[in-house]
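>>> Sequence first, predicted model second:
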Amino acid sequence: MKFLRNLLDKVEPNFVGNGKYAKFHPLYEMADTFLFTPADKTENGPYIRDAVDLKRVMSFVVLAMLPALFFGIFNVGRQVNPDAPIIDIFLSGLPVVLPIILVSYVVGGFWEMLFSVVRKHEINEGFLVTGILIPLVMPPTIPLWMVAIATSFGVVIGKEIFGGTGYNIFNPALVARAFIFFAYPGAISGDKVWTVDGVSQATPLLKVASDQGSRAVELLGDKYTWWDMFYGFIPGSIGETSTLAIIIGAIFLLITRIGNWRIMAGTLLGMVLTAKLANYFGEAVSSSNSMLFLPAEYHLVMGGFAFGLVFMATDPVSAAQTDRGRWIYGFLIGFMCVVIRAINPAYPEGMMMAILFANAFSPLIDYFVMKSHIKQRLKRFAA
Amino acid sequence: MDKNIKAIISDPMVDNNPITKQILGICSALAVTVKMEQAVVMSLALAFVLICSNVIISLLRKNIPGKIRIIVQLTVIASLVILIDELLKAYLYDISKQLSVFVALIITNCIIMGRAEAFAMQNNIKDAMYDGLGNAVGYGAILIIVSIFRELLGSGTLFNYSVIPSSIYLENGGWYVNNGLMLLAPGAFIILGLIVWVQRSYTKYVED
């Protein structure tokens, strides 16, 4: 520790004022505050004493994602050699997943640095989370150059053009995924997505969506039971398959109070109610669309619902900011997710669209919540 | 050339570009820029209508009653659009089919109405013609720039000639895949936005 501090102190003069590398001050600042709690004090009031700053918050989110990440690596390895001992499975997943993470961090970090140098502000910590979110929402078979382009798109178009971390209206990682979804649909949907070393399988969602008939659960057959999908032994994007690992992350986020429980609860509620409604509706018109008959508990464990609910919907920047607004925002996500999954045949996965959709509406939701709040208070204090 | 005329022509090309500065005529810029061929034909069609309508309206400007001027302008523009639409159908049938309704929609193109109302109604024939020319070039340039990106990235071709070697494509054993987003309207929207970004950081123009 002492060594690091000394090193940083020694190079500091180069990065401030007229130093040789003053242009790259954001870089120094990043390393410094990442390793040590900054000693700067707020100059003007109001003062809040709190150990948490943006960097710690973001690191906690990354920590919460680790179970999903590790399980993702394990699950990828399982497709390559299913019968090996656990360590071997894990090691064979690593060379598939690690390059994706690396590319995402290097490319995204490059853009972050470029913008912070040109705009002369500090490098923001937001990318710490975005950089790991992007690989987790990609299928393991995604070509690396697509990851690089999608990351650039997510960071530049999804975030920097709005002014950087804290100003973005959409979740940058989801923007990156949406980019791949529309630009290279062949790489992210369709039955050839999950091809690691010649193993090609359709994701459970696609399997249900591509079949016809009213027995969604039976269609999954004995290939994927509910528990398989809950534990995560299914094809899918790297981080999204294991609902169990995601729940562990969710508990961590809730205990540290970084993830907002209202958003999570609202999303869950919206999904369950809409799924029930879809079930009744499908029954009533005896539809041949099997997605309409999917029970709510299956919606929870299939596709990216759980992952989106815990890590994407709760993104504090793009979500609604008011408490009542968070319920509405969450509910909207759950509702839209099932609607897109069940009614739109082109998109078996609705969570990405649902969250982006709700992101776009969250300022409006906040606006009306504030308006109604003001109205209520006026009424209360009028007399 | 007269300095004044030079300004009339060059102003709408960069500083006052109808698309990137005034954000007019966006619909056609999004709709017909998938292929360069379409963009070029569309630009020419618009140039024809814009220059002719500017000249005709400038010619009539003293005789058009103020209260019904919009209707008169529309009549002139609509006649010209019908003319160019028929011409395209007769001589460039395939492209006319691809451009479909967007040629007819030149009638509602804000640039043409805007120039007729804002410029041709107050200026002489010569100036109105040059103004039409400048705006048509400004519009066409953006259309063609957008279509270069869209055709190259979306289909790997330029004017329907393959530019990207076919051996690097995924289906031929390579790794490359065309960007499908560029074939969709949002792709044009993003390209257009980036062009506006570049232009505004260059001219230091800020919206107030």
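Looks like it arrived, so ask away. This is a predicted model, so every value here is computed, not measured. Numbering: from 1, shown residues only, chains lettered A, B, ... in the order given.
>>> list the buried ones in the helix or strand where residue B:130 lies?
In the assignment (DSSP states H and E), residue B:130 maps to helix B:125-155. By neighbour count on 16 or more other CB atoms under 10 Å in any protein chain shown, the buried set for helix B:125-155 is B:127-143, B:145-155. (Each C-beta comes from the backbone N, C-alpha and C, glycine too.)
>>> contacts for stretch B:186-196?
Where contact means CB atoms under 8 Å, 6 or more residues apart in numbering or on different chains, the residues beyond stretch B:186-196 that reach it are A:157, A:161, A:182, B:19-20, B:23, B:26, B:29-31, B:33-34, B:142, B:145-146, B:149-150, B:153-154, B:179, B:181-182.
>>> Kindly export that stretch (C-alpha atoms) in CSV.
The C-alpha trace of stretch B:186-196 is given here as CSV (Å, rounded to 0.1, in the frame of the first residue of the first chain):
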residue,chain,number,x,y,z
PRO,B,186,-32.7,4.5,-37.2
GLY,B,187,-29.3,3.9,-38.9
ALA,B,188,-29.8,6.9,-41.0
PHE,B,189,-30.9,8.9,-38.0
ILE,B,190,-27.7,8.0,-36.1
ILE,B,191,-25.5,8.8,-39.1
LEU,B,192,-27.3,12.1,-39.6
GLY,B,193,-26.9,12.9,-35.9
LEU,B,194,-23.2,12.2,-36.1
ILE,B,195,-22.9,14.5,-39.2
VAL,B,196,-24.7,17.3,-37.3
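>>> what's the average pLDDT for stretch A:262-281?
For stretch A:262-281, mean pLDDT rounds to 92.
>>> buried residues in it?
In stretch A:262-281, the ones that count as buried by 16+ other CB under 10 Å are A:262-268, A:270-272, A:274-275, A:278-279, A:281.
>>> Tell me the residues of chain B that contact chain A?
With CB under 8 Å from any CB of the partner chain as the criterion, chain B meets chain A at residues B:170, B:175, B:177, B:179-182, B:184, B:186, B:190, B:193, B:197.
>>> Turn the residues you listed into JSON lines, including neighbour count.
Below are the residues of chain B next to chain A laid out as JSON lines (neighbours: other CB atoms under 10 Å in any protein chain shown):
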{"residue": "B:170", "neighbour count": "14"}
{"residue": "B:175", "neighbour count": "11"}
{"residue": "B:177", "neighbour count": "19"}
{"residue": "B:179", "neighbour count": "22"}
{"residue": "B:180", "neighbour count": "18"}
{"residue": "B:181", "neighbour count": "23"}
{"residue": "B:182", "neighbour count": "23"}
{"residue": "B:184", "neighbour count": "17"}
{"residue": "B:186", "neighbour count": "13"}
{"residue": "B:190", "neighbour count": "19"}
{"residue": "B:193", "neighbour count": "13"}
{"residue": "B:197", "neighbour count": "12"}
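>>> Check these and tell me the two furthest apart.
Distances among those were taken as CB to CB; the most separated pair is B:170 and B:197, at 31.1 Å.
>>> one step back: specify which member of the residues of chain B next to chain A is nearest to residue B:92.
The nearest one, if we look at the residues of chain B next to chain A relative to residue B:92 and count by CB to CB, is residue B:182, at 24.0 Å.
>>> need the contact list for that closest one.
With contact taken as CB under 8 Å, 6+ apart, residue B:182 is in contact with A:183, B:34, B:149-150, B:153-154, B:188, B:191.
>>> change it to 7 Å
B:150, B:153-154 (CB atoms under 7 Å, 6 or more residues apart in numbering or on different chains).
>>> which residue packs closest to the residue lying farthest from the centre of chain B, ignoring adjacent ones?
Taking CA atoms, centre = their mean as the measure, the residue most remote from the mean C-alpha position of chain B is residue B:173, 38.8 Å away. Excluding its sequence neighbours, the residue lying closest to residue B:173 (CB to CB, 6 or more residues apart in numbering or on different chains) is residue B:167, at 7.4 Å.
>>> Verify the assumption that that neighbour is located in a helix.
Yes: assessed with DSSP: H, G, I helix; E, B strand; the rest coil, residue B:167 lies in a helix.
>>> could you measure it against chain A, distance?
Residue B:167 sits 16 Å away from chain A, going by CB to the nearest CB, to the nearest Å.
>>> how many other residues sit next to that residue?
9 (other CB atoms under 10 Å in any protein chain shown).
>>> Quick check, it in contact with residue B:175.
No: under the criterion of CB atoms under 7 Å, residue B:167 is not in contact with residue B:175, lying 10.6 Å apart.
>>> Provide a list of residues in contact with the residue in chain B that chain A sits nearest to.
With CB to the nearest CB, the shortest gap between chain B and chain A falls at residue B:181, namely 3.8 Å. By CB under 7 Å, 6+ apart, residue B:181 lies in contact with A:179, A:182-183, B:187.
>>> what about the residue lying closest to residue B:48 once chain neighbours are set aside, how many neighbours?
Closest residue in space to residue B:48, ignoring its immediate chain neighbours: residue B:84 at 5.6 Å, by CB to CB, 6+ apart. Residue B:84 is flanked by 21 other residues according to other CB under 10 Å.
>>> Tell me how far residue B:84 lies from residue B:59.
As for residue B:84, its distance to residue B:59 is 19 Å (criterion: CB to CB, to the nearest Å).
>>> Need the three-state assignment for the nearest residue to residue A:362 once chain neighbours are set aside.
Closest residue in space to residue A:362, ignoring its immediate chain neighbours: residue A:320 at 4.2 Å, by CB to CB, 6+ apart. Here residue A:320 is recorded as coil under three-state DSSP.
>>> hang on, isn't residue A:320 packed against residue A:329?
Yes: using CB under 7 Å, residue A:320 is in contact with residue A:329, at 3.8 Å.
>>> residues shared between the contacts of the two?
Joint contacts of residue A:320 and residue A:329 (CB under 7 Å, 6+ apart) are A:362, A:365.
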